[in-house]
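Student: Got a sequence here, can you build the structure:
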Amino acid sequence: MKVIVTEAGTEIGNKIVSFFLEKGHEVISIAGKPTDVKIVHKELTVFEEKQLLSQENKLNGDAMICSPESLRKGNHKSIDGEGDPFQYLTLLLKIAKVDHIVYFETIVDDDFSDLFPAGWYSGGSRDRPALTFIKTDFIICSGSPSFEAIRNVVEKIPVMILPNWAKAPCNPAGIDDFLEKLHMICGNENCFNKSYTLGSDETVILGKMILKYAKIRGMIRLLISLPFPASVLSAYLLRFIAKTPLCQSNNLVTQLKSRYKNRKAHKKPGITTSLSHTESLKLALGFTSALRISKKSQNPFLTQTGSYAFEGYTRAPVYGCFHIKMEKTLQKEEVSKVLGKIHSIGSNNQWYFINWLWHFKGWTSWLTEAKRDMSFNNTITEGDNLDFWKVQIAVRDNLHILLYADLFLPGEGWLEFKIIPCRGNYTFRQTLIFRPLGFTGRFYWFWTILLNRFFLNKIMNKLTSV
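Tutor: Residues are numbered from 1 along each chain as shown. Just a heads-up that it's a prediction; the model follows:
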């Protein structure tokens, strides 16, 4: 099946593209900037939105997946001039011929027929494709606007005011379940011209979602309920504190306010997800992996801070983190030497700079119950322990290594080494990643940032001095 994905440059868009590629489908992605699509695959074609107007050959596909950003009013004024969502959909249909359009929306209670004109969902031909509407509440996914809003609010504000609209009942869905159901519906003739609600059996309010997030992260947060809506003020607070665009903040607050008014008529979703809200949260935060969940062990969701923490990450975390990134250009003949030095870290070479400090930290790691097992075979593999670092990713062919700091810190730390092909040469990228835990973690980061930069610069110079 050939699938067209709009707004593929967003985090959820990238996950949709990656998921359908893994299922063996051909994917055509449409993004504001082609570089926003972080995936390289032989079955993937990337188009820029503005360039689609000049395309002489129309795109052909079996299905098209549209996200809320695709049809939100005013989001594409630079393309269609008016900013009307149906004009943008009409534009897409002029350049892409499909049989099925799957549109998903979050935090919305409107009827299917009220959101789209009758002409859009009475089709089923190439001139007027069939439409399936999926309504869901919060999508629990790192990078999702609603999830990142909760993350920023919890991480930055110890005492929060809970207005009435924040008590609206919700049935959130994890990104893994959402993608599975999306794949099941996409292109399925039995789902043409129908509306579905998707979410977990567990009904929670926004306040409980905030407290549950704080509990998983090991933080204490206080919620104070006040009987006034404060919708406009809340939208601006989300804009400045959570860095959520004002249009999305207003839309979120408006929909939650409407949901709270009609809370007695709230119904459970028609399609229920297999994971609970807590399980989806821990997957999104990387505290556990999908493999452990599938095993259904007795207690697979422990949020311990030892070697099993963050086992769910298959790439370096991005959202909610601070970064120190350093890059250096390498010649082709230097790549193997630099890679060999990286794989020798933790053996006789130690860390190539101020080894006494690394020895001291390795000795003090005994106080924090971190492992000191070290690799002496000049090859780093996943699961190895290098002093107080645990190897999470070690792909020698892809020139990618990710280490997790197994230490008692006011947050979580990673060190990433990556060698990237770039225009005939190679770029060696060394990144220190720190995800702070509340204000203490942020204070720790800004207090040590200059020292970290100094150490990382010295280590990089040693690694690239071939």
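Student: Residue 24: how many residues sit nearby?
Tutor: 8 (other CB atoms under 10 Å). Where C-beta positions appear, they are placed from N, C-alpha and C, glycine not excepted.
Student: how far away is the closest residue to residue 67 other than its chain neighbours from residue 15?
Tutor: Leaving aside its sequence neighbours, residue 67 sits nearest to residue 7 (CB to CB, 6 or more residues apart in numbering; 4.6 Å). From residue 7 over to residue 15 the distance is 12 Å, taken as CB to CB, to the nearest Å.
Student: Tell me which of these two has more neighbours.
Tutor: residue 7 (25 against 21).
Student: so what pLDDT did the more buried one get?
Tutor: At residue 7, the model reports a pLDDT of 84.
Student: quick one: buried residues of stretch 164-182?
Tutor: 164-179, 181-182 (16 or more other CB atoms under 10 Å).
Student: Now that stretch - C-alpha only, PDB.
Tutor: Only the C-alpha atoms of stretch 164-182 are listed here, as PDB (Å, rounded to 0.1, in the frame of the first residue of the first chain):
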ATOM      1  CA  ASN A 164     -12.500  23.800  36.400                       C
ATOM      2  CA  TRP A 165     -11.800  23.000  32.800                       C
ATOM      3  CA  ALA A 166      -8.800  21.000  33.800                       C
ATOM      4  CA  LYS A 167     -11.200  18.500  35.400                       C
ATOM      5  CA  ALA A 168     -12.600  17.400  32.100                       C
ATOM      6  CA  PRO A 169     -12.600  13.600  31.700                       C
ATOM      7  CA  CYS A 170     -10.100  12.200  29.200                       C
ATOM      8  CA  ASN A 171      -9.100   8.800  27.800                       C
ATOM      9  CA  PRO A 172      -5.500   9.200  26.700                       C
ATOM     10  CA  ALA A 173      -3.900   6.800  24.200                       C
ATOM     11  CA  GLY A 174      -0.200   5.800  23.900                       C
ATOM     12  CA  ILE A 175       1.600   6.400  20.700                       C
ATOM     13  CA  ASP A 176       2.200   2.600  20.200                       C
ATOM     14  CA  ASP A 177      -1.500   1.800  20.400                       C
ATOM     15  CA  PHE A 178      -2.400   4.700  18.300                       C
ATOM     16  CA  LEU A 179      -0.100   3.700  15.500                       C
ATOM     17  CA  GLU A 180      -1.400   0.100  15.600                       C
ATOM     18  CA  LYS A 181      -5.000   1.200  15.300                       C
ATOM     19  CA  LEU A 182      -4.100   3.700  12.600                       C
END
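Student: so how far is that stretch off the chain centroid?
Tutor: For stretch 164-182, the separation from the chain centroid amounts to 15 Å (computed by CA atoms, centre = their mean, to the nearest Å).
Student: Begin at 27 from now on, thanks
Tutor: OK, 27 is where the count begins now, so the last one is stretch 190-208.
Student: avg pLDDT for it?
Tutor: 88.
Student: Now, the buried residues of stretch 190-208 that are in helices?
Tutor: Among the buried residues of stretch 190-208, the members falling in helices (DSSP state H) are 201-205, 207-208.
Student: what's the closest of those residues to residue 277?
Tutor: Of all those, the one with the least separation from residue 277 (CB to CB) is residue 204, at 19.1 Å.
Student: hmm, who's touching the helix or strand hosting residue 241?
Tutor: Using DSSP states H and E, residue 241 maps to helix 232-243. Residues from elsewhere that reach helix 232-243, judged by CB atoms under 8 Å, 6 or more residues apart in numbering: 164, 176-177, 179-181, 186, 188, 192-194, 196, 198, 230, 246-247, 249, 251, 282, 303-304, 307-308, 311, 313, 329, 463.
Student: list the buried ones in that helix?
Tutor: 232-233, 235-240, 242-243.
Student: Residue 465: which element?
Tutor: Per DSSP H and E: helix 464-490 holds residue 465.
Student: Using neighbour counts, pick out the buried residues of that helix.
Tutor: Taking 16+ other CB under 10 Å as the criterion, helix 464-490 shows 464, 467-468, 470-471, 481-482, 485-486, 489-490 as buried.
Student: sorry, back to before: closest to residue 441 among the ones in helices among the buried residues of stretch 190-208?
Tutor: Of all these, residue 441 sits closest to residue 201, with 26.3 Å by CB to CB.
Student: I figured the closest one was touching residue 301, is that so?
Tutor: No. In terms of CB atoms under 8 Å, residue 201 does not count as a neighbour of residue 301; the distance is 9.9 Å.
Student: mind listing the helices for the stretch 77-226 of the chain?
Tutor: With DSSP state H, counting those that start in this stretch, the ranges of helices along the stretch 77-226 of the chain come out as 94-97, 103-106, 111-121, 138-141, 144-147, 171-182, 201-211.
Student: Worst mean pLDDT among those?
Tutor: Here the lowest mean pLDDT among the helices of the stretch 77-226 of the chain goes to helix 103-106, at a mean of 39.
Student: Sketch out the low-pLDDT regions of the protein for me.
Tutor: 79-83, 95-116, 134-153, 254-255, 314-340, 372-404, 413, 422, 424, 492 (pLDDT under 70).
Student: for it, which residue is closest to the average position?
Tutor: residue 168 (3.0 Å; CA atoms, centre = their mean).
Student: can I assume that one is in contact with residue 345?
Tutor: Yes. Contact criterion CB under 8 Å: residue 168 and residue 345 qualify, at 4.9 Å.
Student: Now list whatever residues contact both of the two.
Tutor: 37, 174.
Student: how about residue 444, secondary structure?
Tutor: Counting by DSSP: H, G, I helix; E, B strand; the rest coil, the backbone at residue 444 sits in strand.
Student: mind checking how far it is from residue 457?
Tutor: 7 Å.
Student: And residue 256, by the same measure?
Tutor: 40 Å.
Student: out of everything not next to it in sequence, what's closest to residue 293?
Tutor: residue 223 (7.7 Å).
Student: My error: substitute residue 227 in the last question.
Tutor: residue 298 (5.2 Å).
Student: quick one, what contacts residue 460?
Tutor: Going by CB under 8 Å, 6+ apart, residue 460 touches 347-349, 437-440, 467, 471.
Student: The same query, at a cut-off of 10 Å, please.
Tutor: Contacts for residue 460 (CB atoms under 10 Å, 6 or more residues apart in numbering) come out as 343, 347-350, 431, 435-441, 467-468, 470-471, 474-475, 478.
Student: next one: residue 356
Tutor: So residue 356 contacts 363-365, 445-446, 448, 451-454, 490, 492 (CB under 10 Å, 6+ apart).
Student: repeat that with 6 Å
Tutor: 452, 454 (CB atoms under 6 Å, 6 or more residues apart in numbering).
Student: ok, back up a step: in CSV: the buried residues of helix 464-490, plus distance to residue 410.
Tutor: CSV is the format used below for these (distance: CB to CB, whole Å):
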residue, distance to residue 410
464, 31
467, 26
468, 31
470, 26
471, 26
481, 22
482, 21
485, 18
486, 21
489, 18
490, 23
